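Undergrad: 3D, please:
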Amino acid sequence: MLIVSTSLDMVCWEVESEVDRTAELTEAVWNRIREPLLMKLRSRLVYCRNKARQDTLLSHYIALHKADPNPDLFPSRATFFDLPIVNSLWEKNKHNFGTDPGPVERDLDLGFDEAAWNTNLDAIKESIADYEAEMEELARERLVAAYTEQGLEVPADPIHDPRCVSLYTPRFSV
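TA: Below you'll find the model as predicted:
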């Protein structure tokens, strides 16, 4: 099991029983395992740092969600983190897990950049508003289709029509 801190100086791991070897680590074995091991350690280090920044962002997410006039349309946490403007604040080393992320940031201050958050806050709110507008339009389109399929008159505001709850059938199951 790999346990990695957010500091390059404090990367440590425990070896699980099936990987534990009591034999001496020879130069040949080290040369064979060095690169894959370093790749895994770098990947895990990047993951831990990005996760720590996401955890810090969570309080901002909650505050924005509570203040939003349309909390039902507010993006999920995963969608929020994937908004390009938000993603740029927490994902400093972008890579696919299991691949080598390459050089890892060596900055000692790896925490979340509050100044960057404050600078981008208006753009973040605009991205959230755009997302909510897209979700509302998608819901409206699907409800109009449901009213039409049922042969019913489409109300001016299908989203707030009390009949809409029983009309829409999801096109996929979760």
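
Undergrad: tell me the contacts of the nearest residue to Asp113 once chain neighbours are set aside?
TA: The shortest distance from Asp113 to any non-neighbouring residue, by Cβ to Cβ, 6 or more residues apart in numbering, is to Leu89 (6.8 Å). C-beta: built from backbone N, CA, C; applies to glycine. Leu89 sits next to Arg53, Leu57, Phe112, Asp113, Ala116, Trp117, Asn120 when contact means Cβ atoms under 8 Å, 6 or more residues apart in numbering.

Undergrad: scan those residues and report the most crowded one.
TA: Among the contacts of Leu89, the one with the most neighbours (other Cβ atoms under 10 Å) is Arg53, at 20 neighbours.

Undergrad: that one reaches Trp90, doesn't it?
TA: Yes - if you go by Cβ atoms under 8 Å, Arg53 and Trp90 touch, sitting 3.8 Å apart.

Undergrad: which neighbours do the two have in common?
TA: Phe112.

Undergrad: by contact count, what packs against the helix ranked longest in the chain?
TA: When the chain is parsed with DSSP state H, its longest helix is helix 27-67. With contacts taken as 3 or more Cβ pairs under 8 Å, 6 or more residues apart in numbering; DSSP states H and E, helix 27-67 sits against strand 2-3, helix 77-82, helix 84-90, helix 114-149.

Undergrad: try it again at 7 Å.
TA: Counting contacts by 3 or more Cβ pairs under 7 Å, 6 or more residues apart in numbering; DSSP states H and E, helix 27-67 packs against helix 77-82, helix 84-90.

Undergrad: for the ones you listed, which one sits closest to Ala146?
TA: Taking Cβ to Cβ, helix 77-82 is the member of these nearest to Ala146, at 23.9 Å.

Undergrad: next, the buried residues of the closest one.
TA: Phe80, Phe81 (16 or more other Cβ atoms under 10 Å).

Undergrad: what sits closest to Ala116 if chain neighbours are left out?
TA: Leu89 (5.7 Å).

Undergrad: distance check, the one you found against Thr26.
TA: 45 Å (Cβ to Cβ, to the nearest Å).

Undergrad: per-residue pLDDT of Trp90, please?
TA: On pLDDT, Trp90 comes in at 85.

Undergrad: the one 10 residues further on too?
TA: Reading off the per-residue confidence, Asp100 sits at a pLDDT of 72.

Undergrad: pretty sure it contacts Met39?
TA: Yes - with contact defined as Cβ atoms under 7 Å, Asp100 counts as touching Met39 (4.3 Å).
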